[in-house]
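S.K.: structure for the following, please:
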Amino acid sequence: MRTPSLTYHALTVWVCFTFFTMLPLKEAEANTDTTRGLSIKEVIDMVHNNHPLVISSRMESTRGKATLRKARGAFDPRFQIETGGKSQEYVNQFGNPGKFTYEKEGAHLSLPTRSPVKIESGYESGRGNLVNGESYTLKGGLRYAGISIPVLKGLITDERRTTLAQSKLFKNQSIEIQKIQLLNLSEMVWKDYVLWFIAFQQRNAYATGAQLSLERQEALRELFKAGGCNGMDTLENYIQLELFRTREKEWRVNTTKQRLQLSRHLWNYNNNTNEWSALGISEDTEPSEDFFNYLDSLFLSNKPNAIDVSIIPDINSLNFSVEQQRLNYKLKKWNLLPTFDLKYQQLFGNTFQDYALGSDRRFGLSFSTPLFLRKERGEMKIAEIKWQQESLKYQFKQNETKLKLAALYQQGEIYKDVYEHLKNVENGYLKLFKLERNKFDSGDGTVFLLNTRENRYLNARVKTIEQKSKYLNTLIDYLRATGSLSKIIFGADGL
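M.R.: Prediction:
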């Protein structure tokens with residue numbers, strides 16, 4: 001088989017070049033939008049003022065206060081009034097008419113206290129030939145005041161006091177829950193903005209490459225027509241131009257996607273209609289690096305060895321859960337005791353001053369207990385297991401957070417160092433590309449070497465952008481883990 005001659009190769013290159021020179025050269029689309037910057041600080045301000053999840057999170061503390069108010073309601077005084085009566089005529093065996101009657105009325109005031117003692121006071125009246133002897137009083141009725149107290153079950157704690165103590169804990173826990181919700185929201189806002197920013201930077205990188213290749217392609221075509229270069233150089237440059245255009249379009253789509261994703265955090269509330277409306281980010285809006293330095297400084301000022309993990313909202317909320325389970329276990333443990341209640345009331349006549357202390361009184365006691373205590377022992381065991389589970393979860397979360405903070409901080413330092421090195425590499429390749437371009441413009445360089453320099457510069461720029469994305473996301477993850485990320489949006493207390 002004969003090897004194709006050099007003339008055949010030259011003809012092939014010339015035909016290919018002629019074909020490509022017939023193709024239209026589109027202008028590069030880099031930086032052709034009407035630019036209007038939108039910084040993360042502006043996004044933060046809009047999120048802080050108008051975001052449904054922010055309003056929703058603020059309801060958590062209100063829910064905690066309402067829960068505490070409900071628990072305190074179990075200690076409210078209770079007033080009760082009761083009246084009743086009966087009247088029935090009859091004829092006895094001797095034919096004489098008669099009437100069965102009774103009249104009962106009473107008022108009762110119960111005053112629970114934070115101690116096991118309950119104070120009771122009231123008035124009762126019972127008359128008639130059918131009234132129970134226990135309820136019978138003289139015509140003026142009977143007044144009383146006294147106390148009731150549990151001696152065994154309910155002495156140290158009971159359902160009401162335990163619920164009140166748990167509600168106090170939940171009131172404080174609800175603040176931590178609110179902080180957690182705002183931390184999660186802050187993390188979403190920051191990461192969505194970084195995704196938009198990085199996609200925009202990638203798009204600009206390839207658009208810059210397309211612009212440079214386009215300028216060189218136009219120059220090469222003119223040079224080829226003048227006989228100053230061969231068709232292979234022009235063809236190679238054209239292939240590179242098309243590659244950059246393709247990548248630029250891919251990242252333009254990705255930039256649009258990330259811009260729309262960030263738009264989900266922008267809302268407006270109409271006070272007149274009491275309705276929320278979503279706001280969009282226009283296509284001509286660009287992200288900026290403004291305020292990124294604050295994220296970096298906050299990272300450097302929150303070193304792992306200076307952070308008390310117990311006050312991080314995620315950890316502190318678990319601690320409140322542990323305490324709530326401990327109180328529940330304490331209640332179930334005391335519920336194993338029998339019920340043994342004492343009751344004493346001093347009785348009075350028509351008025352509370354009409355009495356002889358010790359002469360008229362009413363007292364009693366009640367005792368009850370299950371024989372096997374299976375229900376009570378089962379409830380206590382369940383409460384103990386839940387308490388132990390929450391305690392173990394709390395201890396694990398503390399240790400996990402310490403290790404996570406140390407790892408993320410070290411990762412952040414390394415990523416920053418790598419980013420600075422890659423930035424130096426990018427700047428170095430940019431200088432080489434400019435020098436090579438000057439050589440080419442002066443007729444001392446080659447298209448192949450110029451294309452190589454340009455490719456290396458753009459690859460270095462893309463890697464720098466990717467590394468910056470890793471670094472920024474590490475900062476966000478670290479500040480989220482420390483519980484300080486929401487302070488950027490919601491102030492010093494993160495609310």
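
S.K.: would you map the strands across the stretch 301-450 of the chain?
M.R.: Using DSSP state E, counting those that start in this stretch, the strands of the stretch 301-450 of the chain run over residues 339-348, 361-368.

S.K.: just name the most buried of those strands.
M.R.: When the strands of the stretch 301-450 of the chain are scored by mean count of other Cβ atoms under 10 Å, the highest mean neighbour count falls to strand 339-348 (a mean of 17). All C-beta spots, glycine's among them, are computed from the backbone N, C-alpha and C.

S.K.: count of residues packed around residue 182?
M.R.: By the criterion of other Cβ atoms under 10 Å, residue 182 has 26 neighbours.

S.K.: for the helix or strand harbouring residue 207, packing partners?
M.R.: Here residue 207 is covered by helix 159-225, with elements defined by DSSP states H and E. With contacts taken as 3 or more Cβ pairs under 8 Å, 6 or more residues apart in numbering; DSSP states H and E, helix 159-225 sits against helix 6-21, helix 40-49, helix 52-72, helix 231-263, strand 285-287, helix 313-334, helix 447-482, helix 487-490.

S.K.: ok and it relative to helix 40-49, angle-wise?
M.R.: If you take axes from the mean of the first three to the mean of the last three Cα atoms, to 10 degrees, helix 159-225 sits at 150 degrees to helix 40-49.

S.K.: quick revisit: adding distance to residue 43, write the strands of the stretch 301-450 of the chain out as TSV.
M.R.: Formatted as TSV, those follow (distance: least, Cβ to Cβ, whole Å):
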stretch	distance to residue 43
strand 339-348	61
strand 361-368	64
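
S.K.: what's the closest of those to residue 298?
M.R.: Comparing those by their distance to residue 298 (Cβ to Cβ), the top pick is strand 339-348, with 57.6 Å.

S.K.: by how many degrees do the closest one and strand 361-368 diverge?
M.R.: Using the same axes, to 10 degrees, strand 339-348 lies at 170 degrees relative to strand 361-368.

S.K.: where does the stretch 51-200 of the chain dip in pLDDT?
M.R.: Along the stretch 51-200 of the chain, segments meeting pLDDT under 70 are nowhere present.

S.K.: hmm, try it at 80
M.R.: 90-96, 98-100, 130-135, 138-140 (pLDDT under 80).

S.K.: reformat the helices and strands packed on helix 159-225 as TSV; add distance to residue 406.
M.R.: Below are these laid out as TSV (distance: least, Cβ to Cβ, whole Å):
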stretch	distance to residue 406
helix 6-21	56
helix 40-49	27
helix 52-72	29
helix 231-263	31
strand 285-287	31
helix 313-334	15
helix 447-482	10
helix 487-490	21
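
S.K.: can you list the ones you listed in a markdown table and add distance to residue 422 and mean neighbour count?
M.R.: Output for those, formatted as a markdown table (distance: least, Cβ to Cβ, whole Å; neighbours: other Cβ atoms under 10 Å):
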| stretch | distance to residue 422 | mean neighbour count |
| --- | --- | --- |
| helix 6-21 | 34 | 13 |
| helix 40-49 | 23 | 18 |
| helix 52-72 | 36 | 16 |
| helix 231-263 | 19 | 18 |
| strand 285-287 | 20 | 20 |
| helix 313-334 | 33 | 20 |
| helix 447-482 | 4 | 20 |
| helix 487-490 | 26 | 21 |
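
S.K.: report the buried residues of the longest strand anywhere in the chain.
M.R.: Longest strand in the chain by number of residues (criterion: DSSP state E): strand 97-112. Neighbour counts over strand 97-112 (16 or more other Cβ atoms under 10 Å) mark 102, 104, 105, 106, 107, 112 as buried.

S.K.: make sure the third one is actually in contact with residue 124.
M.R.: Yes - applying Cβ atoms under 8 Å as the test, residue 105 and residue 124 come out as touching, 7.4 Å apart.

S.K.: please enumerate the shared neighbours of those two.
M.R.: residue 141 (Cβ atoms under 8 Å, 6 or more residues apart in numbering).

S.K.: can you list contacts of the longest strand of the chain?
M.R.: 74-92, 118-131, 135, 141, 160.

S.K.: among the residues you listed, which are in strands?
M.R.: Reading strands off these with DSSP E, I get 78-91, 118-127.

S.K.: mind giving me the PyMOL command for buried ones among those?
M.R.: In PyMOL syntax, the buried subset of these is picked out as below (16+ other Cβ under 10 Å):
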select buried, resi 118+120+121+122+123+124+125+126+127
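
S.K.: give me the below-cutoff pLDDT ranges for the stretch 301-450 of the chain.
M.R.: Across the stretch 301-450 of the chain (using pLDDT under 80), the flagged ranges come out as 349-360, 440-450.

S.K.: if we use 70, what do you get?
M.R.: 350-359, 445.

S.K.: quick test: name the residue nearest the centre of the chain.
M.R.: Residue closest to the average C-alpha location in the chain (Cα atoms, centre = their mean): residue 181, at 2.1 Å.

S.K.: wait, it touches residue 57, no?
M.R.: Yes - counting by Cβ under 8 Å, residue 181 touches residue 57, with 4.0 Å between them.

S.K.: what do these two both touch?
M.R.: Shared contacts of residue 181 and residue 57 (Cβ under 8 Å, 6+ apart): none.

S.K.: assign the residue located most distally from the centre of the chain to helix, strand or coil.
M.R.: Residue farthest from the centre of the chain, counting by Cα atoms, centre = their mean, is residue 94 at 85.7 Å. With DSSP: H, G, I helix; E, B strand; the rest coil as the basis, residue 94 sits in coil.

S.K.: now the longest strand of the chain and strand 118-127, what's the angle there?
M.R.: 170 degrees.

S.K.: adjacent strands (with direction) for strand 97-112?
M.R.: strand 78-91 (antiparallel), strand 118-127 (antiparallel) (DSSP bridges).
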